[in-house]
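[1] Here is the input, now give the coordinates:
(one chain, ligands or ions: 1)
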Amino acid sequence: MTTTDLRDRVVLVAGGASGLGAATAVQAAAAGAHVVIADIDGPAATRVADEITHRGGSATTAIGDVTVDRDARAMVDAARAAGPLKGVVYSAAVETRQSAHECSNDDWDRVVTVNVKGAFLVLRHALPAMAAAGGGSVVAFGSTLGMIVSPKYAAYCASKAALTNLCKQAAIEHAGDNIRVNVVAPSATEAGLFMRVSEEAPDPAGLRQMVAANIPMRRLGRADDVTALTTFLLSDASSYISGAVIPLDGGLAARRV
Ligand SMILES: NC(=O)c1ccc[n+]([C@@H]2O[C@H](COP(=O)([O-])OP(=O)(O)OC[C@H]3O[C@@H](n4cnc5c(N)ncnc54)[C@H](O)[C@@H]3O)[C@@H](O)[C@H]2O)c1
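    Numbers count the residues shown, from 1 in each chain. Sure thing, here's the model as predicted:
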């Protein structure tokens, strides 16, 4: 068993149709897992599944909304039907750029519901299935903004902090089931949400350089930084790591100024 061997398991990737979730799905399949790409965006999920099978991997899709209980259950049922559910990645998220006094009720609810309640619903159905499979590993994508905050991200920062404690809760409650639960906390990464948001800026390359210059390691994160760590956490090589929040931020969250 190597740090990247996922051959004996099914991995459910909630939010696996885009960005870091898609990259993780591709990497988990390359490591031998059957991957279930669960997402609200059906065509994009199918594209990721097709890419995996084209590369010789094994993948199916489960289309639905993680914030709807029956959809979350159907995602988990689809994964269980494919084999022993031993891995769950929670990557689904949305953001809004508003300060606490600007954030509307609707925006608050949208962000907190997808980023926290969706994780709760997926975990609620997945944890018993994982226990029945003899245990496994959950990885949720938090954020640097779940540990330190940034102006204009009130709902997102609050949601990522809540997601972090939800995962710690699940980690201690299911340690006896041989289930590990960890949070990977990236800073701005050359993928998904950050790339789309920065593309809207008047000078996308300039904005990315400015963000990178503020990172102690002077670069943005890369999708393969995230997939390498996540595959390790999904594998048995990380068998004593649980309840952890692992920054993936070039040193950003460690720095005072
Ligand atoms: N990209 C970054 O720079 C970055 C930095 C820090 C943290 N993160 C975190 O990493 C994770 C992945 O980010 P990303 O940039 O890949 O995002 P992304 O927007 O590219 O992908 C998110 C996926 O979640 C899906 N999704 C959204 N709402 C859903 C719902 N209700 N039901 C089912 N699926 C839903 C979307 O369709 C999409 O496929 C997120 O949790 C994000 O907060 C990303």
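[2] Can you name the residues that contact Ser104?
    Gln98 (CB atoms under 8 Å, 6 or more residues apart in numbering). C-beta here means a position set from N, CA and C on the backbone, and glycine is covered the same way.
[3] looking at it, Ala17 is touching Ala49, isn't it?
    No. Between Ala17 and Ala49 there is no contact under CB atoms under 8 Å: 9.0 Å.
[4] which non-adjacent residue is nearest the residue of the stretch 51-200 of the chain found nearest the ligand?
    Nearest to the ligand in the stretch 51-200 of the chain, going by CB to the nearest ligand atom, is Gly192, at a distance of 2.3 Å. Distances taken as CB to CB, 6 or more residues apart in numbering put Gly19 closest to Gly192, at 2.0 Å, once the chain neighbours are dropped.
[5] Could you list which residues are in contact with that neighbour?
    Contacts for Gly19 were tallied using CB under 8 Å, 6+ apart; they are 91, 191-193, 195, 223.
[6] Can you go through the residues you listed and name the buried ones?
    When the contacts of Gly19 are checked for burial by 16 or more other CB atoms under 10 Å, the buried set is 91, 191-193, 195, 223.
[7] Now the residue nearest the centre of the chain: closest residue in space that isn't a chain neighbour?
    Of all residues in the chain, the one closest to the mean position by CA atoms, centre = their mean is Ser91, 2.6 Å from it. In space, Ser91 comes closest to Gly21 once its chain neighbours are excluded; the distance is 3.2 Å by CB to CB, 6+ apart.
[8] Could you see whether the ligand lies near the longest helix belonging to the chain?
    Ranked by residue count under DSSP state H, the longest helix found in the chain is helix 154-173. No. Helix 154-173 is not in contact with the ligand by CB under 6 Å from any ligand atom; minimum separation 6.7 Å.
[9] cool, and stretch 22-41?
    Yes. Under the criterion of CB under 6 Å from any ligand atom, the ligand is reached by stretch 22-41 at 39-41.
[10] Just the buried residues of the longest helix of the chain, please?
    154-164, 166-168, 170-171.
[11] Now whichever strand or helix holds Ala79: buried residues?
    Applying DSSP states H and E as the criterion places Ala79 in helix 69-82. Residues of helix 69-82 classed as buried by neighbour count (16+ other CB under 10 Å): 71-76, 78-80, 82.
[12] what helices or strands is that helix leaning on?
    Packing partners of helix 69-82 (3 or more CB pairs under 8 Å, 6 or more residues apart in numbering; DSSP states H and E): strand 10-14, strand 34-39, strand 58-63, strand 85-90, helix 118-132.
[13] export the helix or strand following the longest one as CSV, just CAs?
    Spelled out, that is helix 118-132. Using DSSP H and E, the helix or strand that follows helix 118-132 in sequence is strand 136-141. Coordinates of the C-alpha atoms in strand 136-141 are reproduced here as CSV (Å, rounded to 0.1, in the frame of the first residue of the first chain):
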residue,chain,number,x,y,z
GLY,A,136,-12.7,5.3,5.8
SER,A,137,-11.7,8.9,5.3
VAL,A,138,-13.5,12.1,4.8
VAL,A,139,-11.8,15.2,3.5
ALA,A,140,-13.6,18.5,3.4
PHE,A,141,-12.2,21.5,1.6
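[14] And strand 136-141, what does it pack against?
    Taking 3+ CB pairs under 8 Å, 6+ apart as the contact cut, strand 136-141 packs with strand 85-90, helix 118-132, helix 154-173, strand 179-186, helix 223-234.
[15] what's the angle between that strand and helix 154-173?
    Angle of strand 136-141 versus helix 154-173, following axes from the mean of the first three to the mean of the last three CA atoms, to 10 degrees, is 170 degrees.
[16] Could you pull out the buried residues of strand 136-141?
    Within strand 136-141, the residues scored as buried using 16+ other CB under 10 Å are 136-141.
[17] if we can go back for a sec, which of the buried ones among the contacts of Gly19 lies closest to Ala30?
    For those, the minimum distance to Ala30 (CB to CB) is 13.1 Å, reached by Ala223.
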